[in-house]
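Engineer: sequence-free structure coming up:
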DNA sequence: CAGTGGTCTAGACCACCCT
DNA sequence: GGGTGGTCTAGACCACTGG
């Protein structure tokens, strides 16, 4: 079943603009997996026929989805569905750089452990599952410049990742979000991070080889998929002696143009 | 001299798209202060005549400037130059909320001190002025929910703020960025923040009424104006017992529509 | 080369806001 | 009612990509 065979419900009398209706229809195709990550979507002329609107309206709808990060337009090639991979992922969700530098390098990742556990009350609430449900708890170490500064704890519901095990997790060729997407059909669409300063406990001190009670940056990240469904809870413990968390807000884009 | 009297250099044979040329011309008007914060810019029909292009091209240029944050379009009213003020500023550059909540409240601000000093080497480098140049060093306390959690240290060059003194600073009716903009013609266009976890020293402990050596979130913010000229160095020391630094990345905008 | 998205035109009509 | 930006049309032509 190709998307070009589908029938779409466009209501020309609706108060909702045509471009937004089309954007929503296309968005639902992504959500329902009728358009899959990396896939080429129909060209603009085809979409014009499919939706029976003018090309400007199609361009507006596709433009919004591109701005939102779901589609990528490439002139001369076509429009593709975004996918998480090594080249695009890191600089979206990895926010650290060595002191005084701007973001550049990819971190090195080292596996620590993979366990099956039961969800605590807080974890269950975040993941919207019953307390005590089966979850996976995964620990990783991340480093820059050959030294490890970050410990990541990942909590995911077993229900959403049937068949996942330590081997599959360790042997992934790409990023973790790419694994979710390709093997489990789960596409992380947005993240929210909350940062605090705490003191390191014994476990973190040992893993990062630092003194007990050192100041540590703790980051609680919630990873969600379509319609704000929470998929992953990731807690990072970061020793910020040599690295910094970077957050830039530029209103500018075109000064260099 | 109104903008409608200006002559613009639009090159129809250039490789640069018309909409980008127009965007850059308008941007330069902002930079050169020919269009001032809060001001209504000419309507689309007037811009069409001014630049001798079709309305779609104008809309593209203005749309980009709006996305960049420099202009604000209001249907039925017109298009205005963005200005920092109490209503729009806070939720752009204030990133804290009480534990477990999302961002909502405005912080309360309390003045601590205003001093004239000489720039240290690091400060001078950031501000691109000679070491030892005259600067202002200002301390503020910020709080949420009637308790203070944040100490802000602001460093600015005296050269860029002629006539600034403690009275003017304290008696500002609006935000600090609004003061820069209205009294000194300096418009902050972008910020970059770098976060670390440290332990509190004596000064910070006393100001925030916490134990010496408590874990503290330290934020180094660089505030810049057009063409990446650094205007302000702001260092925040945050006691994150009851509040969190929030950073969301949403690719989505339209799920609620 | 054929096919893609990017730019641009010259309008019409609608929704919104203020007086 | 008069003015603003928002939506939409039905094209033409250009720039880029891959084979």
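Structural biologist: Everything's here; your move. In this text the structure is predicted, and so the values were computed from the model without any measurement.
Engineer: contacts and neighbour counts: CA atoms only from here.
Structural biologist: Noted.
Engineer: List, one by one, the residues from the stretch 1-150 of chain A near chain B.
Structural biologist: Listed as neighbours of chain B in the stretch 1-150 of chain A under the rule CA under 8 Å from any CA of the partner chain: A:67, A:68, A:69, A:70.
Engineer: Near the second one, how many other residues are there?
Structural biologist: Same thing as residue A:68. Counted with other CA atoms under 10 Å in any protein chain shown, residues neighbouring residue A:68 total 16.
Engineer: Distance-wise, check it relative to residue A:190.
Structural biologist: 10 Å (CA to CA, to the nearest Å).
Engineer: again with the last one
Structural biologist: In this structure, residue A:70 and residue A:190 are 11 Å apart, going by CA to CA.
Engineer: Tell me who's in contact with residue A:193.
Structural biologist: By CA atoms under 8 Å, 6 or more residues apart in numbering or on different chains, the contact set of residue A:193 is A:219, A:220, A:221, A:222, B:246, B:247, B:248.
Engineer: secondary structure element for it?
Structural biologist: Using DSSP states H and E, the element containing residue A:193 is strand A:190-199.
Engineer: partners of that strand, with directions?
Structural biologist: Sheet pairing of strand A:190-199 (DSSP bridges) gives strand A:215-225 (antiparallel), strand B:243-250 (antiparallel).
Engineer: Just checking: what are the partner strands of the helix or strand encompassing residue A:143?
Structural biologist: Under the criterion of DSSP H and E, residue A:143 resides in strand A:134-144. Strand pairing for strand A:134-144, determined by DSSP bridges: strand A:108-118 (antiparallel), strand A:147-157 (antiparallel).
Engineer: hmm, back to that, and the strands paired with strand A:190-199, which is most packed in?
Structural biologist: Comparing the strands paired with strand A:190-199 by mean neighbour count (mean count of other CA atoms under 10 Å in any protein chain shown), strand A:215-225 comes out on top with a mean of 23.
Engineer: how's chain A carved up into domains?
Structural biologist: Residue ranges for each domain of chain A read A:3-81, A:86-244, as given by the TED database.
Engineer: what about the helices in chain A?
Structural biologist: With helices called from DSSP state H, chain A shows them at A:18-31, A:44-51, A:55-68, A:86-93, A:121-127, A:166-170, A:176-184, A:202-208.
Engineer: ranking those helices by mean pLDDT, which is last?
Structural biologist: With a mean of 67, helix A:86-93 has the lowest mean pLDDT of these.
Engineer: pretty sure residue A:201 is touching residue A:212, no?
Structural biologist: Yes. Counting by CA atoms under 8 Å, residue A:201 touches residue A:212, with 6.0 Å between them.
Engineer: picking that back up, taking the residues of the stretch 1-150 of chain A next to chain B, tell me the two that lie furthest apart.
Structural biologist: A:67 and A:70 (7.7 Å; CA to CA).
Engineer: Can you pick out the residue with more neighbours from these two?
Structural biologist: Ranked by neighbour count (other CA under 10 Å), residue A:67 and residue A:70 place residue A:70 first, with 19 against 13.
Engineer: From residue A:38, how far out is residue A:5?
Structural biologist: Residue A:5 is 20 Å from residue A:38, by CA to CA.
Engineer: For those two, work out which one has more neighbours and name it.
Structural biologist: The residue with more neighbours, out of residue A:5 and residue A:38, is residue A:38; 14 against 8, by other CA under 10 Å.
Engineer: For that one, what are phi and psi?
Structural biologist: Main-chain torsions, residue A:38, degrees, to the nearest 10: phi 90, psi -10.
Engineer: Quick check: closest non-adjacent residue to it.
Structural biologist: The spatially closest residue to residue A:38, leaving aside those adjacent along the chain, is residue A:81, at 4.9 Å (CA to CA, 6 or more residues apart in numbering or on different chains).
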